[in-house]
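*Asks:* my questions are about this predicted structure, shown below with the sequence.
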Amino acid sequence: MSGVVTGFGVITTVVVIGYMLGRLSLLGNGARDVLSALAFYVAGPALMFTILLDTDLSVLLSGKVVVSALSVAVVVVVVVATGLLRRWGVSRTTMSALTSSYVNAGNLGLPIASYVLGDASLVAPILLTQMLVMAPIAVTVLDLAGGEVRGAGPVLRRALGTPVRNPLLLASLAGVTVSASGWTPPAPLLEPFELIGAMAVPAMLLAFGISMHGSGMPGRGPQRGAVLFAVALKSVVQPLSAWALGALVFHLSGPDLFAVVVLAALPTAQNVFTYSLRFGVDVDTVRETVLISTFTTVPVLFAVTFLLG
């Protein structure tokens, strides 16, 4: 379980540094928004391009990918049904669906896949699915719901155009295209992308830590119910769904079943917090869900390892 300890240790350290930056006001009042914009528009796209550049696209065809996608779908269906019953509205329902199902496949999933599962490539399908399917759809819906677009024609044009304007999606598609072509870019061409991409995760974590300054204890504010609901779905329902689908429907066993359940149990990704800042939707709820689900994942992963590992 050294990968779990290492992954959480890295996250905690950088978040604490961000909190201290916010507490000491070393970067000014707008530091959180600047770092989030940097991650969303510049560093994040560079990181996704370099990651997907070396991805074997055949991993997208495995049964484990289908199980992971269906476990996400289970959570999304629950959130949408709840949103309709509680009349949350499109923006809040969409953000809640992301918060409850979008896993931290990058800075935590990669070390866990490497040290716990023994294969870092296992996390690639989740990264691809989230960046090429979930994120573009969610960003499009949030953009349309929060804008002033009216009429069938303008809405359709906006819906078709929004994903194309998403820098994360454009970079991901570029990485997939280059990977599919079989061409390996020369090192001098890739180094700037690698250098800039290396800022993405630290920028997200620092922005997250800065946002924690001045906030109360997570799970105690007016958004407590929404936070606990999202954490329960992310840390309990999603891994249980992955186990049920994998074992009972797709008849996975051994390392394959263990892998899909571990990856489903990963906490909410910091990317979701970046989206919440970008669109101004449920920022406090998302921040607290990311924090609580991150710490809740520790005992969940140990339990999964004890039962299936």
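*Replies:* Happy to help now that I have it. Numbers count the residues shown, from 1 in each chain.

*Asks:* can we go C-alpha only for contacts and neighbour counts from here?
*Replies:* OK.

*Asks:* centre-most residue in this protein?
*Replies:* Taking CA atoms, centre = their mean as the criterion, Ala269 is the residue nearest the geometric centre of the chain, at 3.4 Å.

*Asks:* I'd like the distance between that one and Thr294.
*Replies:* 9 Å (CA to CA, to the nearest Å).

*Asks:* same deal with Asn166?
*Replies:* Using CA to CA, one obtains 27 Å as the distance from Asn166 to Thr294.

*Asks:* next, the distance between the ends of stretch 21-35.
*Replies:* 12 Å.

*Asks:* list the buried ones in it?
*Replies:* In terms of neighbour count (16 or more other CA atoms under 10 Å), stretch 21-35 has its buried residues at Leu21, Gly22, Ala31, Arg32, Asp33, Leu35.

*Asks:* quick check: mean pLDDT of it?
*Replies:* On average, the pLDDT along stretch 21-35 is 88.

*Asks:* contacts for it, please.
*Replies:* By CA atoms under 8 Å, 6 or more residues apart in numbering, the residues outside stretch 21-35 that reach it are Ala203, Met204, Leu206, Ala207, Phe208, Gly209, Ile210, Ser211, His213, Gly214, Leu277.

*Asks:* looking at this protein, which helix is longest?
*Replies:* helix 283-308 (DSSP state H).

*Asks:* so what does that one touch, helix or strand wise?
*Replies:* Judged by 3 or more CA pairs under 8 Å, 6 or more residues apart in numbering; DSSP states H and E, the packing partners of helix 283-308 are helix 90-101, helix 224-232, helix 254-264, helix 270-279.

*Asks:* can you do 10 Å?
*Replies:* helix 2-24, helix 90-101, helix 200-212, helix 224-232, helix 238-244, helix 254-264, helix 270-279 (3 or more CA pairs under 10 Å, 6 or more residues apart in numbering; DSSP states H and E).

*Asks:* quick check: mean pLDDT of the shortest one?
*Replies:* Translated: helix 238-244. Mean predicted confidence for helix 238-244 is 96.

*Asks:* and for stretch 170-188?
*Replies:* 87.

*Asks:* so, low pLDDT: which residues of the stretch 51-200 of the chain?
*Replies:* Residue ranges of the stretch 51-200 of the chain with pLDDT under 70: 55-61, 107, 147-164.
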